[in-house]
Every structure is written in C-alpha cells, then in structure tokens.
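S.K.: pasted the sequence and its predicted model underneath.
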Amino acid sequence: MTIDVEADIAGGIESYSDGFRPVIDQQVACNIDGHSEGLGFIIRTLRERGLRATFFVEAAQANYFGPAAMGRYVDLLLSAAQDVQLHVHPCWFSYHNGVPDLQQLPGDSCAALAEPVLEDFFARSIATFRDWTGGQPLAVRTGSFRTGRNVYRVMKRLGIPLSSNLCIGLSEPAEPDYRLPGGCRLIEGVREYPLTSFLDRRGLGSARFRPLQVRSCSSLEMIAILDGAQAAGYETVVILTHPFEFVKSATEKNRNAWTHEMLITNRTVRARLRRLCDYLVKHEERFEVCTFADLASRPPTSVRPVRPLHGSPVLSWLRTLENGFSDRVKWL
Ligand SMILES: [Zn+2]
C-alpha cells in the first residue's frame, strides 16, 4: 500500500501572479476541528490493524515551504514506524527559497528533463530526505507517474534500487516496453514496481486501464482485483492513496483544492480503506502487507511480465454510482 504525501502547487508558477499560493497542511494533515483526518486518519487506520505502508513523501516542495513544514509529518510517520520513501515533483524547482524563480521553469515531468538537470534535482531532493530521516531513500516515485529511461539511469547512478514510477492507468509512458499493468520489472538496473492498473469496461465501450487507487475504486473492486491478481500469479500488487482523498470540501463553491477552508470527512473513501485493510488482516495467510523497504531487503521474486487483469462490469457500475453519490451528498 502506498500513500503519496505532497503539497499542492496551486496551478504552478503561472498562478502565483494571480494570488494563488501553494498549500501543504490542507493537503496533508487535512485538519477538521483540530483533528487530522488526512494523514492522521491513515496512520490510525494502519496502526489499529498492525499494518505498515510506504509513504512517498514529496521533498522538492521544500524549495517553497522550507524543510520543516513537511519534516514534522515525516517525524509523525517515523514515530508511527511507517516506511518513508521519496516522491519528487520537479515543478517545485520553479521556486527558490519560497519565491518564484523565473530562470528555472522545469515543468512537472521527470521524463522530459535532461539527465544532468534531473540528477541535480534528485540529489537536492535526496539531501532534504536525508535531513528528515537520517538515511538514503530506497525507493522513488516520480510526480504524476511521469517517467522515462533517463529517470532510471539517474536513479541507478544515485544508488536508489527501487521505484514505483509507472502507472498506465494515470500516465502513458513514451517507451512501449514500460506499459506495464503491474508486477515487477528490472529497468536500467532499478527494480520497478508499477502501480497496479486493471482493465475497466462499462457497457459497450472499450476497456480502459484504471489505477488501483482508493479514491477511484470501491472496496469490493479492490478486493476483487487482489483476489484476481493472486489467481493470475501476481507476486505484488501496488495500491495508491493520498491523505486528501479522505476529506472533501463542505461547500460547492469551495471545491477548488487550493482554497478549501471548510473540510468534511469523506465517509465513502474512509470506509473503503478500512474495509481493504480489514480484508488484508482477515486473510493474512494469503496476503502479506509489506513496504518498499521490505522489498529492498529481499531479492526480486519475479521480474516476469504480468497479464492485465479485467475488472467486473457490475462492480464498475456500482462504483460509478457510489462515487457519484459521494461527490453530491455531503454526509456520504
Ligand atoms: Zn505526486
């Protein structure tokens, strides 16, 4: 299970002159009445069930917020014995010490950066990570799952052995051999574990890859994919969520993620994580919940390609209804 912990750049440097400012606490803690219903909810849910997950913590945002803003969330995660690894969105290098740096507009795709630039960004992000944790990251996830051969070459040079940079349900890689629905693949000497995506078909339309993400899939759907993956011989399944998936804006006009002030809990998505965790605990003889640090300490069990899994059309319709109700009904 992986959780991306990140700030929101609020539209990028172009929106800065319009008065938009990046936000971090609303995206990570998601406090409601002084209680963390984002990161705090995830940590509590895992702790109550004795589970550990990997939190990919975005480090490049320190160019805007400084290292301490995210550092205290890293402290929380480490004291909860969770696994912390590195997430990098290069767009944050548009800022230098909190102010826009118009000399440097790298965009947000690691795949699009020249290797020396990417290596410099990664080295600076690793330095922030070391300040937070006292150690080197064992795994990286690039921002928005945008990756290319350059990323793996840089990772190899910097000594990072594992990644989860690919997700065909969210971002199509340029290299045809990177279009992987899951499993494990050795790329340029780096062990890549793509976020699991499955073929989702509703009605007569063509099937599309959908990421195994808590906000995007019902608990029944996630459980069906877990069972299907096991039956199909998958040795790993990677699931995604973010702290902000567990809250929503209380008012229509405040739906903009950069300005939401009135947060309420998202009961639908909270229930999904709880049910998923309960299922994994109940079937611990069939599923092992492990972290990227755990994977790094083991030899790769299999780097064979896996076949795409197919979602159930009935569950797909039910989830569309569930998501529709959750988006429209405040208390769901
Ligand atoms: Zn991200």
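M.R.: That came through, no problem.

S.K.: what's Thr54 sitting at in phi/psi?
M.R.: phi -100, psi 130 (degrees, to the nearest 10).

S.K.: how many neighbours does it have?
M.R.: 26 (other CB atoms under 10 Å). Glycine gets a C-beta too; all of them are placed from N, C-alpha and C.

S.K.: span of stretch 180-194 from start to end?
M.R.: Using CA to CA, to the nearest Å, the end-to-end distance of stretch 180-194 comes to 7 Å.

S.K.: let me know the average pLDDT across that stretch.
M.R.: Average pLDDT, stretch 180-194: 95.

S.K.: centre of the chain to it, how far?
M.R.: Using CA atoms, centre = their mean, to the nearest Å, the mean C-alpha position of stretch 180-194 is found 16 Å from that of the whole chain.

S.K.: list phi and psi for Asp278.
M.R.: Torsion angles, degrees, to the nearest 10, at Asp278: phi -60, psi -40.

S.K.: report the contact partners of it.
M.R.: The contact partners of Asp278, by CB atoms under 8 Å, 6 or more residues apart in numbering, come to Arg49.

S.K.: now it: how far from Thr45?
M.R.: 10 Å (CB to CB, to the nearest Å).

S.K.: for Ser312, same thing?
M.R.: Look at Ser312 and Thr45: by CB to CB, they are 25 Å apart.

S.K.: with Gly324 instead?
M.R.: 25 Å.

S.K.: which of these two has more neighbours?
M.R.: Between Gly324 and Thr45, counting by other CB under 10 Å, Thr45 is the more crowded of the two (18 against 10).

S.K.: got any ranges where the stretch 101-250 of the chain has weak pLDDT?
M.R.: Along the stretch 101-250 of the chain, the model assigns pLDDT under 70 to residues 203-204.

S.K.: how about the closest residue to the ion within the stretch 151-300 of the chain: what's its closest non-neighbour residue?
M.R.: Relative to the ion, the nearest point of the stretch 151-300 of the chain is His242 (7.7 Å; CB to the ion). In space, and not counting its chain neighbours, His242 is closest to Asp4: 5.2 Å by CB to CB, 6 or more residues apart in numbering.

S.K.: quick one: name the residues of this protein near the ion.
M.R.: Residues of the chain lying close to the ion (CB under 5 Å from the ion) are Asp4, Glu6, Gly143.

S.K.: list the buried residues of the longest helix anywhere in the chain.
M.R.: For the chain, the helix that runs over the most residues, judged by DSSP state H, is helix 115-133. If you call a residue buried by 16 or more other CB atoms under 10 Å, then helix 115-133 has these buried ones: Val117, Leu118, Glu119, Phe121, Phe122, Arg124, Ser125, Ile126, Thr128, Phe129, Trp132, Thr133.

S.K.: which helices and strands sit right next to that helix?
M.R.: helix 67-79, strand 83-88, helix 149-158 (3 or more CB pairs under 8 Å, 6 or more residues apart in numbering; DSSP states H and E).

S.K.: any idea which helix or strand comes after it?
M.R.: strand 139-142 (DSSP states H and E).

S.K.: ok, residues contacting that next one?
M.R.: With contact meaning CB under 8 Å, 6+ apart, strand 139-142 is reached by 2, 4, 54, 56, 85-88, 110-111, 122, 151, 155, 160-165, 292-293, 295-296.

S.K.: on that earlier part again, show me what the strand or helix carrying the residue nearest to His242 is packed against.
M.R.: Asp4 belongs to strand 2-5 when assigned by DSSP H and E. Helices and strands touching strand 2-5, by 3+ CB pairs under 8 Å, 6+ apart, are helix 39-49, strand 54-58, helix 67-79, strand 240-241.

S.K.: just the CA coordinates for it, please, in CSV.
M.R.: What follows is strand 2-5, C-alpha atoms only, in CSV (Å, rounded to 0.1, in the frame of the first residue of the first chain):
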residue,chain,number,x,y,z
THR,A,2,1.5,3.4,-1.0
ILE,A,3,0.5,6.9,0.1
ASP,A,4,1.8,9.9,-1.8
VAL,A,5,2.2,12.8,0.7
